[in-house]
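Trainee: model this:
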Amino acid sequence: METLRIDKWLWAARFYKTRSLAVEEITRGRVLVNEQAVKPAREVRPGDLVTVRQGAVVRIVVVKGLSGQRGPAPVAQQLYEETEASRLAREAVAEQRRLAAEPALSIEQGRPTKRDRRQMDKAGWNERWSASADS
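Mentor: Down below sits the predicted model:
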């Protein structure tokens, strides 16, 4: 086997769970072969440079082998080799995500959490702010 469709290769290399997902991502322009946008029927060969964008993560891999069938993950990882620059960039993005502040902590208003409600009850919220007609 000298060439293989890019959608089959992405599926066999376990970048996408199904071929239809691979086709969808290719048509959206999230997969490049040798820095060019491609169609799902584009043939790849060993030595081609494939750029795959999955969410915020961009992976640049060199095709090492071809397989028309999907196998276990260790076998699939032998079909490609990630470039050093891609690996470092992916690790930097992962570290940035890990160190980023929790988005929910920036919300100051809105519906109170269970913890907030308990603190309001301790502070006498129900006694100070009664909506009854008796007070």
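
Trainee: neighbours around Trp9, how many?
Mentor: Summarising burial for Trp9: neighbours were counted as other Cβ atoms under 10 Å, giving 25. (Each C-beta comes from the backbone N, C-alpha and C, glycine too.)

Trainee: ditto for Lys64
Mentor: 13.

Trainee: dump the residue contacts of it.
Mentor: In this structure, Lys64 makes contact with Pro46, Gln78, Leu79, Tyr80, Glu81, judged by Cβ atoms under 8 Å, 6 or more residues apart in numbering.

Trainee: do you know how far Ile26 is from Ser86?
Mentor: Ile26 sits 19 Å away from Ser86, taking Cβ to Cβ, to the nearest Å as the criterion.

Trainee: let me fix that, I meant to ask about Val61.
Mentor: The gap separating Val61 from Ser86 is 7 Å, by Cβ to Cβ.

Trainee: of Ile26 and Ser86, who's got more company?
Mentor: Ile26 (24 against 18).

Trainee: mind pulling up the pLDDT for that one?
Mentor: At Ile26 the predicted local distance difference test score is 95.

Trainee: return the set of buried residues in the longest helix seen in the chain.
Mentor: Of all the segments of type helix in the chain, defined by DSSP state H, the longest one is helix 84-99. With burial defined by 16 or more other Cβ atoms under 10 Å, the residues of helix 84-99 counted as buried are Ser86, Arg90.

Trainee: alpha carbons of that helix, as CSV, please.
Mentor: Listed in CSV are the C-alpha atoms of helix 84-99, where the atom choice follows Å, rounded to 0.1, in the frame of the first residue of the first chain:
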residue,chain,number,x,y,z
GLU,A,84,9.1,18.3,18.2
ALA,A,85,7.7,21.9,17.7
SER,A,86,4.2,20.5,17.8
ARG,A,87,4.8,18.5,20.9
LEU,A,88,6.3,21.5,22.7
ALA,A,89,3.4,23.7,21.6
ARG,A,90,0.8,21.1,22.7
GLU,A,91,2.5,20.8,26.1
ALA,A,92,2.6,24.6,26.5
VAL,A,93,-1.2,24.9,25.7
ALA,A,94,-1.9,22.1,28.3
GLU,A,95,0.2,23.9,30.9
GLN,A,96,-1.5,27.2,30.2
ARG,A,97,-4.9,25.5,30.6
ARG,A,98,-3.8,24.0,33.9
LEU,A,99,-2.6,27.3,35.3
